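Q: No letters, just coordinates:
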C-alpha cells in the first residue's frame, strides 16, 4: 500500500525585519535579498519598487499614485510521510503570498499565492540530476521521467486540505521567459497583463511546470520591457481580479529587474519578435545588491542536500507513491 503524504504550511511576513531562518533555501529570491551588509536597504528599496509598480498599474481612482501597498508573506510547505517515525518534516516548497492594503478604504485584500516559486526537489532535478545526465552527451536530453515526481508532489500539495484551508484560489507562478526561445507578439492585449506573446515551442521549464499541472501564457504588462511567463491551472484572465493580477506583476516584475536586469531592466522594450539574452549590454541596474553567481553555486549545494536527505533515504517510498498517485 502506498504511503500517504500530508502537508504543513507555515507563514512569515516578508518585510524590512525579515531574517531567513536556518531551514529557508538561501537560493530563494527573498532570502538572498535579506543577507549581507545591505540587507535592510535592499529590502526597503525592493518593497518601494513593488508598491510604486502596483500603483502605476492600479491607476484608476488613484490620483496621487499612493493608494495601495503590497504586503508579502513567505509560505513554507513541509511534507510528512505517514508511518515514518523520524518525526522530521521534509521541507518541500516555498512560495510568496501577496496581500493588498487599500489605504483609501482601510481594507486588506487577498492577493495571489505562488508568485516566486522555490522547491528543493526542483533544485535537485535541475542542479544535480540533469547535469549528471547530460555530462559527456553530444546532444541535450533529459532523464527518463524528468520532473514526474516533483510534478506529482506539487499537485498533491495544491489538492490537499492544507492548501484549501489557507488559500481560496489555485496558485499563479510568475517567472522569467527563457533565453533559449524566441517569443512573438500577438494582437491580444489585456488591460492589466498587457500584450500577449507566444512562442513556437515550449522551454524545458515550461515542460517541467506542465508536469505540475500548470499551463503557461506570456504577457508583457504596461510599461514593462519584456514578457513574463505566467504559470496557472485554470483561467488566468477569468479566475483572478485585476488587483490580484497586479499584485503578482508588481512583485515579480520587481524581482526580475533585480535578478535579470539584462532582460527586465533593459533600456528598450521587446519588439514583435523577441529572444531574451543575459548577454544583453544595454540595461540599467537597480540600487539593490545581488550576487547571481553565488546563487547558482548554492543551488547545486542545496540540490545535493535534498538528494542526501530526501531522494535517497525515501527513494523506495517515493517511487511507490509516484507510481500509484492519481489526482
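A: The structure has been received and is ready for your questions. Remember, predicted model here, so these are calculated numbers, not experimental data.
Q: From now on I want contacts and neighbour counts done on CA atoms only, so please keep to that.
A: Will do.
Q: what sits against residue 176?
A: Counting by C-alpha atoms under 8 Å, 6 or more residues apart in numbering, residue 176 touches 227-229, 256.
Q: So which of those residues is the closest to residue 195?
A: Nearest to residue 195 among the contacts of residue 176: residue 227, at 8.1 Å, using C-alpha to C-alpha.
Q: I'd assumed residue 220 was in contact with that closest one.
A: Yes: with contact defined as C-alpha atoms under 8 Å, residue 227 counts as touching residue 220 (3.8 Å).
Q: what sits in contact with each of the two?
A: 196-197.
Q: These two - which one has more neighbours?
A: Neighbours were counted for residue 227 and for residue 220 using other C-alpha atoms under 10 Å; residue 227 has more, 29 against 24.
Q: ok, now how distant is the more buried one from residue 183?
A: 9 Å (C-alpha to C-alpha, to the nearest Å).
Q: So residue 99 lies in a helix, does it not?
A: No: secondary structure of residue 99 (DSSP: H, G, I helix; E, B strand; the rest coil): strand, not part of a helix.
Q: now do the same end-to-end measure for stretch 75-92.
A: Span of stretch 75-92 from end to end, C-alpha to C-alpha: 11 Å.
Q: my bad, stretch 99-116
A: One end of stretch 99-116 sits 14 Å from the other (C-alpha to C-alpha).
Q: Flag every buried residue along that stretch.
A: Of the residues in stretch 99-116, 99-101, 110-116 count as buried by neighbour count, 16 or more other C-alpha atoms under 10 Å.
Q: out of the contacts of residue 176, who has the most neighbours?
A: residue 227 (29 neighbours).
Q: for the closest residue to residue 67 other than its chain neighbours, phi and psi?
A: Of all residues not flanking residue 67 in the chain, residue 103 sits nearest, at 5.4 Å (C-alpha to C-alpha, 6 or more residues apart in numbering). For residue 103, the backbone dihedrals are phi -70, psi -20 (criterion: degrees, to the nearest 10).
Q: Check residue 111 too.
A: Torsion angles, degrees, to the nearest 10, at residue 111: phi -100, psi -140.
Q: Make sure it is actually in contact with residue 96.
A: No: contact criterion C-alpha under 8 Å: residue 111 and residue 96 do not qualify, at 10.0 Å.
Q: what is in contact with residue 227 and residue 183 at once?
A: Both residue 227 and residue 183 are contacted by residue 197, under the criterion C-alpha under 8 Å, 6+ apart.
Q: Name the SS class of residue 6, please.
A: Three-state assignment for residue 6 (three-state DSSP): strand.
Q: circling back: from residue 17, how far out is the residue nearest to residue 67?
A: The separation that residue 103 has from residue 17, given C-alpha to C-alpha, amounts to 22 Å.
Q: The stretch 1-150 of the chain: helices as residue ranges?
A: Counting by DSSP state H, counting those that start in this stretch, one finds helices in the stretch 1-150 of the chain at the ranges 29-33, 39-57, 120-124, 130-134, 148-158.
Q: how about the ones you listed, which one is nearest residue 198?
A: Closest among the helices of the stretch 1-150 of the chain, using C-alpha to C-alpha: helix 39-57, at 22.7 Å.
Q: which strands and helices sit next to the closest one?
A: Under the contact definition 3 or more C-alpha pairs under 8 Å, 6 or more residues apart in numbering; DSSP states H and E, helix 39-57 sits against helix 29-33, strand 68-81, helix 242-259.
Q: Outside of that helix itself, list whatever touches it.
A: Under the criterion C-alpha under 8 Å, 6+ apart, residues 15-17, 33-34, 62, 65-70, 192, 222, 246-247, 249-251, 254-255, 287-289 lie in contact with helix 39-57.
Q: again, only this time at 6 Å
A: 16, 65, 69-70, 250-251, 254, 288 (C-alpha atoms under 6 Å, 6 or more residues apart in numbering).
Q: just stretch 182-201 next, same as before
A: 218-222, 272-275.
Q: Whichever of these end up buried, select them in PyMOL.
A: Applying 16+ other C-alpha under 10 Å to the contacts of stretch 182-201 leaves a buried subset, and the PyMOL line that selects it is:
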select buried, resi 218+219+220+221+274+275
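Q: Throw the contacts of stretch 182-201 into JSON lines and include pLDDT, secondary structure and distance to residue 74, thanks.
A: Shown next, in JSON lines, are those (pLDDT from 0 to 100; DSSP: H, G, I helix; E, B strand; the rest coil; distance: C-alpha to C-alpha, whole Å):
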{"residue": "218", "pLDDT": "98", "secondary structure": "strand", "distance to residue 74": "25"}
{"residue": "219", "pLDDT": "98", "secondary structure": "strand", "distance to residue 74": "25"}
{"residue": "220", "pLDDT": "98", "secondary structure": "strand", "distance to residue 74": "26"}
{"residue": "221", "pLDDT": "98", "secondary structure": "coil", "distance to residue 74": "24"}
{"residue": "222", "pLDDT": "97", "secondary structure": "coil", "distance to residue 74": "27"}
{"residue": "272", "pLDDT": "97", "secondary structure": "coil", "distance to residue 74": "36"}
{"residue": "273", "pLDDT": "97", "secondary structure": "strand", "distance to residue 74": "36"}
{"residue": "274", "pLDDT": "96", "secondary structure": "strand", "distance to residue 74": "33"}
{"residue": "275", "pLDDT": "95", "secondary structure": "coil", "distance to residue 74": "32"}
